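Undergrad: My questions are about this predicted structure, shown below with the sequence.
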Amino acid sequence: MEQVYSVIFYGFAFVSVYVQVFFLLTFFDKRRHISWSPKEIELKRYPTITIAVPCYNEEKTITKTMESLLALDYPKDKLTLIIVDDGSTDNTWELVKTFDNGSNVLAFRKENGGKHTAVNFALEKSTAEFFGCLDADSFVDNQAMKRIMRYFENDPRNMAVIPSVLSYNPKNMIQKAQKVEYDMGVYIKKMLGLIGGIQVTPGPLSTFRKKVFDDLGPYRKAHNTEDQEIALRMQEHGYKIDYCPDAYIYTNTPNSVVKLYRQRLRWIYGFIKNLVDYRHLLFRKKYGTVALFTLPTGMISIFGILFMFFTVIYNLLRVIYEKTIQINTIGFHNFFSLNYKFDWFFIDTRAMLFLSIILYILVITSVLLGRKMSTGKANFTVSIIYFIIIYSIVAPFWMLRAIFNSLISKESSWTFERRVTTSN
């Protein structure tokens, strides 16, 4: 049994270290391709763009979201904003109506049908050359649109460009831990963009050539992760997706463990179900990096996290069992009167320990590189410790539940998640 455990551990450890080292080597090899736009830029041409804003019970954030869009540094006659209220039950619609000017800002209300129906509603009304979507709990930097469009201008092969999504105003430990995750995401997504391996076009202002939807069809429900399904559909058809690290979008993050758990449960459930739907891509060379690298490593990482979690639980229970026997043998009073002395001789020097340390160092390096790319400063903060501790404890639970829900096909509701995330 010990040998089987060792084989599994080293297998997962090898994949984890390999992925991190691969990203690091990609960074050093292609860092000259990571371009940064000047503070103020001008495009050779300003194509027409429609940005959809699907919303459900967003009365606390919709005003700030719309104000940030209206402040975009982009010609107003080339930019149309379509707000779609997906059957809100709060004051969202009353607020939305105040932005409708009948020309470049249009507001609509429909029966609740889920985010993909709200975005498709806007898509049907769009006649622009480009189409984007912004979640109603996110806010854009005023240069974001120009910087995204610069990627389309510089490379006609780009069919979609996604921006850097950063955590907005984190206040407590849970949100600060998520900020670390988002910082690391900037680095990882750029590396995936450089090798053609992006598997999700997230809700905060991912922008597409309208041709994508004309050719491949509209968004699908896709287990309430339509932003991942459209990316996989694009990869299946050989459409290039790039990443713009200096187009900043700020998003509200869950402020409690319960809300974080529900959000990540939907994400992981959607990943698993979309992986099943697109299993024909796996390990087939013609589908590129997504098929050979992104999806397989994502799948392995889920089981790797669960394996490490159960390993920690097993070792913790074993220690408790051994100490219980020791107390029963020498007595409770004598156990606590023992004089424990630290001795370097008894430090665990097995390869497992060193592999674990190397992996944590690589993860922290990813966070620091992501921060350098997003803020220009690669500073180590205590929030990195929050991230390691909180995610190590909580992540296995949403992984387990997502696997279970996948087996019984029980998916979470977008409307419910909007309720729990907009109460920040």
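TA: Received the coordinates, thanks.

Undergrad: From now on I want contacts and neighbour counts done on CA atoms only, so please keep to that.
TA: Noted.

Undergrad: Is it correct that Ile174 is in contact with Lys259?
TA: No. Counting by C-alpha atoms under 8 Å, Ile174 sits too far from Lys259 to count as a contact (10.0 Å).

Undergrad: Could you list the low-pLDDT ranges of the chain?
TA: Applying pLDDT under 70 to the chain flags residues 1-2, 38, 332-350, 412-424.

Undergrad: Check which helices and strands the lengthiest strand in it sits against.
TA: As assigned by DSSP state E, the longest strand anywhere in the chain is strand 240-251. The contact analysis (3 or more C-alpha pairs under 8 Å, 6 or more residues apart in numbering; DSSP states H and E) places strand 240-251 against strand 138-140, helix 144-154, strand 158-167, helix 173-194, helix 351-375.

Undergrad: buried set for the last one?
TA: Neighbour counts over helix 351-375 (16 or more other C-alpha atoms under 10 Å) mark 355, 359, 362-374 as buried.

Undergrad: Beyond that helix, next helix or strand please.
TA: helix 383-408 (DSSP states H and E).

Undergrad: Any buried residues in that next one, and which?
TA: Across helix 383-408, burial judged by 16+ other C-alpha under 10 Å covers 383-388, 390-391, 395-403, 405-406.

Undergrad: Give me the distance between the longest strand of the chain and the centre of its chain.
TA: Distance of strand 240-251 from the chain centroid (C-alpha atoms, centre = their mean, to the nearest Å) equals 12 Å.

Undergrad: list the helices and strands the following helix or strand past that strand packs on?
TA: Per DSSP H and E, the first helix or strand lying C-terminal to strand 240-251 is helix 257-277. Using 3+ C-alpha pairs under 8 Å, 6+ apart, the elements in contact with helix 257-277 are helix 226-236, helix 383-408, helix 414-421.

Undergrad: could I get the ones you listed as JSON lines with distance to Leu282?
TA: Formatted as JSON lines, the helices and strands packed on helix 257-277 follow (distance: least, C-alpha to C-alpha, whole Å):
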{"stretch": "helix 226-236", "distance to Leu282": "11"}
{"stretch": "helix 383-408", "distance to Leu282": "19"}
{"stretch": "helix 414-421", "distance to Leu282": "28"}
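
Undergrad: other SSEs contacting the host helix or strand of Val119?
TA: In this structure, Val119 sits in helix 115-125 according to DSSP H and E. Judged by 3+ C-alpha pairs under 8 Å, 6+ apart, helix 115-125 is in contact with strand 49-55, strand 79-85.

Undergrad: Quick one: those as JSON lines, columns for distance to Asn315 too.
TA: Output for those, formatted as JSON lines (distance: least, C-alpha to C-alpha, whole Å):
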{"stretch": "strand 49-55", "distance to Asn315": "46"}
{"stretch": "strand 79-85", "distance to Asn315": "51"}
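
Undergrad: hang on, the earlier thing: return the angle between stretch directions for the longest strand of the chain and strand 158-167.
TA: 30 degrees (axes from the mean of the first three to the mean of the last three C-alpha atoms, to 10 degrees).

Undergrad: And strand 240-251, what's buried?
TA: 240-251.

Undergrad: Near Glu111, how many other residues are there?
TA: 11 (other C-alpha atoms under 10 Å).

Undergrad: swap in Ile272?
TA: Considering only other C-alpha under 10 Å, Ile272 is surrounded by 22 other residues.

Undergrad: What separation do you get for it and Phe307?
TA: 17 Å (C-alpha to C-alpha, to the nearest Å).

Undergrad: What of Val258?
TA: 23 Å.

Undergrad: More neighbours: these two, which one.
TA: A direct count of neighbours by other C-alpha under 10 Å for Val258 and Phe307 places Phe307 higher, at 17 against 11.

Undergrad: Contacts only, for the residue lying closest to Phe387 once chain neighbours are set aside.
TA: Of all residues not flanking Phe387 in the chain, Ala177 sits nearest, at 4.1 Å (C-alpha to C-alpha, 6 or more residues apart in numbering). By C-alpha atoms under 8 Å, 6 or more residues apart in numbering, the contact list for Ala177 reads 383-388, 390.

Undergrad: SS state for Phe99?
TA: Assigned by DSSP: H, G, I helix; E, B strand; the rest coil, the conformation of Phe99 is coil.

Undergrad: and Cys133, what is it in contact with?
TA: 51-54, 119, 203-207.

Undergrad: Can you tell me, leaving aside adjacent residues, what's nearest to Ser228?
TA: Just so we're on the same page, residue 228 is Gln rather than Ser. Nearest one to Gln228, counting by C-alpha to C-alpha, 6+ apart, is Val200 at 4.1 Å.

Undergrad: what's the distance between the one you found and Lys323?
TA: For Val200, the distance to Lys323 - C-alpha to C-alpha - is 47 Å.

Undergrad: ok, these two, which is more surrounded?
TA: Taking neighbours as other C-alpha under 10 Å, Val200 and Lys323 compare with Val200 leading, 21 against 13.

Undergrad: what about the more buried one, helix or strand, and which?
TA: Using DSSP H and E, Val200 sits within no helix or strand.

Undergrad: do you know how far it is from Arg233?
TA: Taken as C-alpha to C-alpha, the span from Val200 to Arg233 is 10 Å.

Undergrad: Then Tyr74?
TA: Per C-alpha to C-alpha, Tyr74 is found 30 Å from Arg233.

Undergrad: now Ser392
TA: Separation of Ser392 from Arg233 (C-alpha to C-alpha): 32 Å.

Undergrad: go on, Ile320?
TA: According to C-alpha to C-alpha, Ile320 and Arg233 sit 49 Å apart.

Undergrad: For these two, indicate the residue with more neighbours.
TA: Neighbours per residue (other C-alpha under 10 Å) separate Ile320 from Arg233, with Arg233 holding more: 16 against 12.

Undergrad: Dihedrals phi and psi, the closest residue to that one other than its chain neighbours?
TA: The shortest distance from Arg233 to any non-neighbouring residue, by C-alpha to C-alpha, 6+ apart, is to Leu216 (7.7 Å). Leu216 adopts backbone torsions of phi -100, psi -10, taken as degrees, to the nearest 10.

Undergrad: How many neighbouring residues does Leu216 have?
TA: Using other C-alpha under 10 Å, Leu216 has 12 neighbouring residues.

Undergrad: Enumerate every residue touching Thr225.
TA: 266-267, 270-271.

Undergrad: Surely Arg45 is in a strand?
TA: No. Arg45: not assigned to a strand; according to three-state DSSP it is coil.

Undergrad: So what's the residue count around it?
TA: For Arg45, the count of nearby residues is 9 (other C-alpha under 10 Å).

Undergrad: how much space between it and Leu79?
TA: 13 Å.

Undergrad: Over to Leu306?
TA: Taken as C-alpha to C-alpha, the span from Leu306 to Leu79 is 46 Å.

Undergrad: Lovely, talk soon.
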